[in-house]
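1. please work out how this folds:
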Amino acid sequence: MRDKGKVKRRRGAQQDLVAIYRRYAREAGIKVADKFFDATEAAFRRLARVPGLGTRYDHDHPALAELRISALSTPFNAYLIFYKPVAGGVEIVRVLHGARDTYGILAEELGIEEGAGGDQAGE
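-> Numbers count the residues shown, from 1 in each chain. Just a heads-up that it's a prediction; the model follows:
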């Protein structure tokens, strides 16, 4: 028997998906937007079955310790899925374009105050 795993989406992740879908629909058409949606759903199911597939997010802050990253498949591989393994599956935290300020967005999502945690940059 194969365990499918459960996918939980945080509000920020759901908002990301809607915004990206709408942008693709507007700029590239509904077929491309639907392909994006299908690619994300397939990736979420795969991660839920095998949560260790992604790469650990490399940051020292304790709130980010369990966070993992996985890129979507081509042609959507510029988008990164940030997720946490949880009992029985995964929690999708955000889906972000890799060129964005991913740390800043994740810090806001997870309530990390600026200057808190592993960043030791001096002024």
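
2. which residues touch residue 44?
-> Counting by C-beta atoms under 8 Å, 6 or more residues apart in numbering, residue 44 touches 7, 81, 90, 92. Bear in mind the C-beta positions are built from the backbone N, C-alpha and C, glycine included.

3. ranking those residues by neighbours, who comes first?
-> Among those, the one with the most neighbours (other C-beta atoms under 10 Å) is residue 90, at 27 neighbours.

4. just confirm that one is within a strand.
-> Yes: applying DSSP: H, G, I helix; E, B strand; the rest coil, one finds residue 90 inside a strand.

5. quick one: it from residue 109, how far?
-> Separation of residue 90 from residue 109 (C-beta to C-beta, to the nearest Å) stands at 16 Å.

6. again, but for residue 101
-> Taking C-beta to C-beta, one finds residue 101 at 12 Å from residue 109.

7. just the strands in the chain please.
-> With strands called from DSSP state E, the chain shows them at 6-9, 55-56, 68-71, 79-86, 89-97.

8. closest to residue 35 out of the ones you listed?
-> Across the strands of the chain, residue 35 has its closest neighbour in strand 79-86 (12.4 Å, C-beta to C-beta).

9. tell me which other helices or strands the closest one touches.
-> On a contact count with 3 or more C-beta pairs under 8 Å, 6 or more residues apart in numbering; DSSP states H and E, strand 79-86 meets helix 30-49, strand 68-71, strand 89-97, helix 102-109.
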